[in-house]
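Student: from the sequence below, what's the structure:
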Amino acid sequence: METYAFWNNKGGTGKTSLAFQAITRYAEKHPKKRILAIDICPQANLSELMLGGLNRGSTKLLALHAQKPRRSLGGYFQLRLLSPYTPPQFKASDYIITPNAFNTGIPSNIDLVCGDPMLELQANAVNSLANQDVPGTKAWIAVIDWLKTFLDQIEDRYDVVFMDCNPSFSMYTQIALASTKKIILPVMADDSSRRAIQNAFCLIYGLKLPSDIYTAYAFATKLKLADRPLPKVHLIAKNRLTQYMVTASAYFAVLAAIDNDVRQLLATNPEFFSFTKWDEGFVEVKDFQTTGVVAFAKGLPFSRVKAGRQFIDKHRVQVKQEYLDDSIRHLDRLVAKL
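Tutor: All right, here's what the predicted structure looks like:
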């Protein structure tokens, strides 16, 4: 079972919108593969998109949260809070839904574990449990394995798992990253995105920690001590590129600096990456603009969006066919690398 996590410690990089379109497009391109999407974000925007869009998905998501057991990742974590170090009896299928039953625009070969704002409420408790000194128990590893335990139960049911992670390094994000093999890292053409890449390598791999005092507590250190593999950076998506980028622009200078940073890291720490040539690990994705606004409002893959005039929240907008086609072309470049 292949596993991917969309993650960046910096918010605002278009991570969830890119994840939604990439997951649905991958499902369209591979109709015989069974796909599981896991929304590991308290905002649960990926879930809202899959359940009918940002306009209608919220109501459906709230109804799922009201069920017993709670049909979300938060519902599963709630169960684990009562049994943090020993897996209880549970059925993973109790927490999984098929978005196509709520939104026919979503390919039927995608299942979903919904996101949940309760993750934020649970975060402090989860962190405390992970740092308990329990005789005969490796508490941190037992907690970090919560999602792994869930996935192990359904390993034979799915070919690919995609996770949409919160832009943080909270305990639930660490649980997700410890359970994935490959990371898709969206960045934008700004200096903060460049710093975010540097921060990501610090947080995940313990690279260039500000002081040795942090080494013993680092994510990488704890996983290595437990003989667990670290996820590898599989793809860096240059997202929301301006349509008129030229070589002399400030945008290009920042992206060139990001390229150089990754090239140097690949030379010094090739074990952090799933690719061996730096240019194999990049893909450019242009800003989806109005096409994206319509797709996300309606919860539709680009392939299901129609060109022409339409209304979104009583506002008339127009999707141009050439922009729609261009969005799909850019998306296909990303999906081809999965």
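Student: any idea how far the lengthiest helix in the chain is from the middle of the chain?
Tutor: Among all segments of the chain classified by DSSP state H, the helix with the greatest residue count is helix 250-268. Put simply, helix 250-268 sits 23 Å off its chain's centre (C-alpha atoms, centre = their mean, to the nearest Å).
Student: how about the residue of the chain positioned farthest from its centre, what does it touch?
Tutor: Outermost residue of the chain with respect to the C-alpha centroid, by C-alpha atoms, centre = their mean, is P135; its distance is 34.6 Å. The contact partners of P135, by C-beta atoms under 8 Å, 6 or more residues apart in numbering, come to none. Placement of C-beta: from N, CA and C, glycine included.
Student: A helix includes it, no?
Tutor: No: counting by DSSP: H, G, I helix; E, B strand; the rest coil, P135 is not found in a helix; it is coil.
Student: let me know the pLDDT of it.
Tutor: pLDDT, P135: 86.
Student: which parts of the protein are strands?
Tutor: 2-6, 35-40, 110-113, 160-165, 182-187, 232-241, 282-286, 308-312, 315-319 (DSSP state E).
Student: got the angle for the second one vs strand 160-165?
Tutor: Counting by axes from the mean of the first three to the mean of the last three C-alpha atoms, to 10 degrees, strand 35-40 lies at 20 degrees to strand 160-165.
Student: who's in contact with strand 35-40?
Tutor: For strand 35-40, using C-beta under 8 Å, 6+ apart, the contacting residues are 23, 26-27, 45-47, 50, 72-73, 96, 99, 107, 109-116, 119, 147, 154, 157-166, 172-173, 175-176.
Student: got a ChimeraX select line for the buried ones in the residues you listed?
Tutor: The ChimeraX selection below is limited to those of those classed as buried (16 or more other C-beta atoms under 10 Å):
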select :23,26,27,45,46,47,50,72,73,96,99,107,109,110,111,112,113,114,115,116,119,147,154,158,160,161,162,163,164,165,166,172,173,175,176
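Student: picking up where we left off before, for the strands of the chain, which one sits closest to Q67?
Tutor: Closest to Q67 of the strands of the chain, according to C-beta to C-beta: strand 110-113, at 13.5 Å.
Student: what's that closest one packed up against?
Tutor: If contacts are counted by 3 or more C-beta pairs under 8 Å, 6 or more residues apart in numbering; DSSP states H and E, strand 110-113 sits against helix 15-29, strand 35-40, helix 45-50.
Student: winner for burial among those?
Tutor: helix 45-50 (a mean of 28; mean count of other C-beta atoms under 10 Å).
Student: helices or strands up against it?
Tutor: By 3+ C-beta pairs under 8 Å, 6+ apart, helix 45-50 packs against helix 15-29, strand 35-40, helix 57-65, strand 110-113.
Student: low-confidence ranges in the stretch 1-150 of the chain?
Tutor: Along the stretch 1-150 of the chain, segments meeting pLDDT under 70 span 11-13.
Student: how about a cut-off of 90?
Tutor: Applying pLDDT under 90 to the stretch 1-150 of the chain picks out residues 8-15, 54-56, 133-137.
Student: ok, the stretch 151-300 of the chain next?
Tutor: 167-168, 186-201, 206-217, 237-263, 277-279, 284-295.
Student: roughly how far does P186 sit from P135?
Tutor: Plainly put, P186 is 43 Å away from P135 if you go by C-beta to C-beta, to the nearest Å.
Student: same check, this time on M163
Tutor: Per C-beta to C-beta, M163 is found 33 Å from P135.
Student: one more: F77?
Tutor: Look at F77 and P135: by C-beta to C-beta, they are 25 Å apart.
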